[in-house]
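Q: Dropping the sequence and predicted coords here.
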Amino acid sequence: MNLRPLFLTVTLLTGLLTPACVHFSFTVVTPQKAGANDPRRATPDAALAALKAGNERFRAGAQTAHHDAMSKVAATASGQYPIASVIGCADSRTPPEAIFDLGIGELFVCRVAGVAAEVNDVASLEYGSEHLGVPLIVVMGHTNCGAIAAAVADKPLPGSLPHLVGTLRPAVDLARTKYPNADTASLVAAATREQVLLEVRRLKASPVLAELIHEGKLKIVGAIYDIGNGSVNWL
Ligand SMILES: [Zn+2]
């Protein structure tokens, strides 16, 4: 990263000035790229390019996002200016910050198994773009998704899992209709893609997000993350 030099602000607080209670407060402020004027969030395409570049660093083992994590904590304490929103699966192998090599304050993230987004997820993403000005929403499924596989298998499940599987059923039905002769693995892959595309359409139907798209301030894209090689395949 092309971080500019750190600014060191040294504040001497002399409120109740006795020799025993002179307080030194050191605040390290990094005027890094994150912020309202961050060029990576200037346009939807700039944000998408930043995510693609981050995934390239991730795959190359050349991550930079967490080198200055505490500086980012300090720089974002009073406000957040994320580059993009990601709604992805809860699967432990699919953390968006790692996959896109981004750190504190840089991604606005919702995660739910199978990317089975519901109204509160949509509301969160509306908040991200309408209130925080996030120019890009990525709906990111992944290969070998257990939630999608459960929806394809359609076996009895305990607790709240039937509700989750029910949320994924329209995508499974679409996949079955398109590929009636597909084997289970192919069906899971196809249903994952359908679920991503359904969620993209669902988000685009949000009046709040549709207006931002119409104004050129927002793009919503689908993607499939490959848990086998770390790559993101954009739909
Ligand atoms: Zn999953």
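A: Nice, I can see it.
Q: hmm, the longest helix seen in the chain touching the ion?
A: Longest helix in the chain by number of residues, with DSSP state H as the criterion: helix 184-204. No. Contact of helix 184-204 with the ion is not found when judged by CB under 5 Å from the ion; the minimum separation is 8.0 Å. Quick note: C-beta positions are derived from backbone N, CA and C, even for glycine.
Q: Helix or strand next in line after that helix, which one?
A: Downstream of helix 184-204, the next assigned helix or strand under DSSP states H and E is helix 207-214.
Q: Can you show me the strands along the chain?
A: For the chain, the strands defined by DSSP state E occupy 7-13, 23-29, 84-88, 107-111, 136-142, 219-225, 232-234.
Q: re the thing from before, can I get the longest helix of the chain as CSV, trimmed to CA atoms?
A: Written as CSV, here are the backbone C-alpha positions of helix 184-204 (Å, rounded to 0.1, in the frame of the first residue of the first chain):
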residue,chain,number,x,y,z
THR,A,184,-25.8,-33.9,-7.0
ALA,A,185,-22.5,-32.0,-7.1
SER,A,186,-23.5,-30.2,-10.3
LEU,A,187,-26.9,-29.5,-8.9
VAL,A,188,-25.3,-27.9,-5.8
ALA,A,189,-23.1,-25.8,-8.0
ALA,A,190,-26.0,-24.7,-10.2
ALA,A,191,-28.3,-24.0,-7.2
THR,A,192,-25.5,-21.9,-5.6
ARG,A,193,-25.3,-19.8,-8.7
GLU,A,194,-29.1,-19.4,-8.9
GLN,A,195,-29.2,-18.4,-5.2
VAL,A,196,-26.6,-15.7,-5.8
LEU,A,197,-28.5,-14.4,-8.9
LEU,A,198,-31.8,-14.5,-7.0
GLU,A,199,-30.3,-12.4,-4.2
VAL,A,200,-28.9,-10.0,-6.7
ARG,A,201,-32.3,-9.5,-8.2
ARG,A,202,-33.9,-9.3,-4.8
LEU,A,203,-31.5,-6.5,-3.8
LYS,A,204,-32.0,-4.7,-7.1
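Q: and that helix, what other elements does it pack with?
A: When contacts are defined as 3 or more CB pairs under 8 Å, 6 or more residues apart in numbering; DSSP states H and E, helix 184-204 packs onto helix 119-126, strand 136-142, helix 146-153, helix 161-178, helix 207-214, strand 219-225.
Q: buried sites along that helix?
A: Buried residues in helix 184-204, counted by 16 or more other CB atoms under 10 Å: 187-200, 202-203.
Q: what does stretch 155-167 give?
A: Within stretch 155-167, the residues that count as buried by 16+ other CB under 10 Å are 164, 165, 167.
Q: How about stretch 210-220?
A: Those would be 212, 213, 217, 218, 219, 220, for stretch 210-220 by 16+ other CB under 10 Å.
Q: so how far is that stretch off the chain centroid?
A: Remark: stretch 210-220 is offset 18 Å from the chain centroid, using CA atoms, centre = their mean, to the nearest Å.
Q: switch to numbering from 155
A: Yep, numbering from 155; the last one is stretch 364-374 now.
Q: Outside of that stretch itself, which residues are in contact with it?
A: With contact meaning CB atoms under 8 Å, 6 or more residues apart in numbering, stretch 364-374 is reached by 198-199, 202, 283-284, 287-293, 354, 357-358, 363.
Q: quick one on the thing from earlier: the longest helix of the chain vs strand 290-296, what angle?
A: 160 degrees (axes from the mean of the first three to the mean of the last three CA atoms, to 10 degrees).
Q: from the chain's centre, how far out does helix 338-358 sit?
A: Between the centre of helix 338-358 and the centre of its chain there are 17 Å (CA atoms, centre = their mean).
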